[in-house]
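Undergrad: 3D model of this:
(one chain, ligands or ions: 1)
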Amino acid sequence: MSEISLIDVRAQVMTYDEGIKKWTPSGSGEPSISKVQLFVHQQNNTHRIVARKIADKEVVINCALFKGMRYNRATDTFHQWRDTRQVYGLNFANLNDAISFGDTVQEALDGS
Ligand SMILES: CC[C@@H]1C=C[C@H]2CCN(C(=O)[C@@H]3CC[C@H]4C=C[C@]5(CCCN5C(=O)[C@H](Cc5ccccc5Cl)NC(C)=O)C(=O)N43)[C@@H]2C(=O)N1CC(=O)O
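TA: Numbers count the residues shown, from 1 in each chain. From the prediction side, this is the model:
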């Protein structure tokens, strides 16, 4: 298995709709909690954030970390970042998940 999950937490995944200037829950159906993981690809030491709805396994984030990416902890339990396509937000279910996920992502970014 070339990719390893470094961390596995729970959060509500949102994206920012520039049109209406509002955060909108990601994915189809009811807003719900997702399983959010940071994977590392062992061979080339790249990382990606993958989030899947717990209810139906729908993939709502599949986003590579990139050099220079800024991971912003807007509040203790709402973290966000952007790529060329969109702005992602994670509304964590608890503070511990927020802290450990944020630290793990930041470590990966610091190493890139
Ligand atoms: C789920 C509801 C949600 C919960 C929590 C709060 C926390 C703050 N907050 C926001 O949306 C803040 C307030 C101002 C607004 C203005 C613009 C936004 C929106 C789009 C991105 N953004 C940036 O400020 C980005 C961030 C960034 C910096 C650095 C690197 C990457 C990034 Cl992405 N700045 C750049 C320069 O990109 C933004 O986050 N904004 C959330 C919020 O009010 N609510 C409640 C609601 O919306 O009802």
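Undergrad: Give the rounded mean pLDDT of stretch 45-63.
TA: The average pLDDT for stretch 45-63 rounds to 97.
Undergrad: anything in it sitting right up against the ligand?
TA: No: judged by CB under 6 Å from any ligand atom, stretch 45-63 stays clear of the ligand, getting no closer than 12.2 Å. C-beta coordinates here come from the backbone N, C-alpha and C atoms, glycine included.
Undergrad: who touches that stretch?
TA: 6, 10-11, 13, 26-30, 32-41, 64-65, 81, 83, 88, 90, 105, 108, 111-112 (CB atoms under 8 Å, 6 or more residues apart in numbering).
Undergrad: buried sites along it?
TA: By neighbour count on 16 or more other CB atoms under 10 Å, the buried set for stretch 45-63 is 47-53, 60-61, 63.
Undergrad: CA-only coordinates of stretch 7-25 in CSV, if you can.
TA: C-alpha atoms of stretch 7-25 as CSV (Å, rounded to 0.1, in the frame of the first residue of the first chain):
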residue,chain,number,x,y,z
ILE,A,7,-4.5,10.8,11.0
ASP,A,8,-8.3,10.1,10.9
VAL,A,9,-10.7,12.6,12.5
ARG,A,10,-14.3,13.8,12.2
ALA,A,11,-15.4,17.1,10.9
GLN,A,12,-18.2,18.7,8.9
VAL,A,13,-16.7,19.6,5.5
MET,A,14,-17.7,22.9,3.9
THR,A,15,-16.7,24.9,0.8
TYR,A,16,-17.0,28.6,0.4
ASP,A,17,-19.4,29.7,-2.3
GLU,A,18,-17.9,32.9,-3.7
GLY,A,19,-21.1,33.6,-5.5
ILE,A,20,-23.4,33.9,-2.4
LYS,A,21,-20.5,34.6,0.0
LYS,A,22,-21.5,31.7,2.2
TRP,A,23,-20.0,28.5,3.5
THR,A,24,-22.0,25.5,2.1
PRO,A,25,-21.8,21.9,3.4
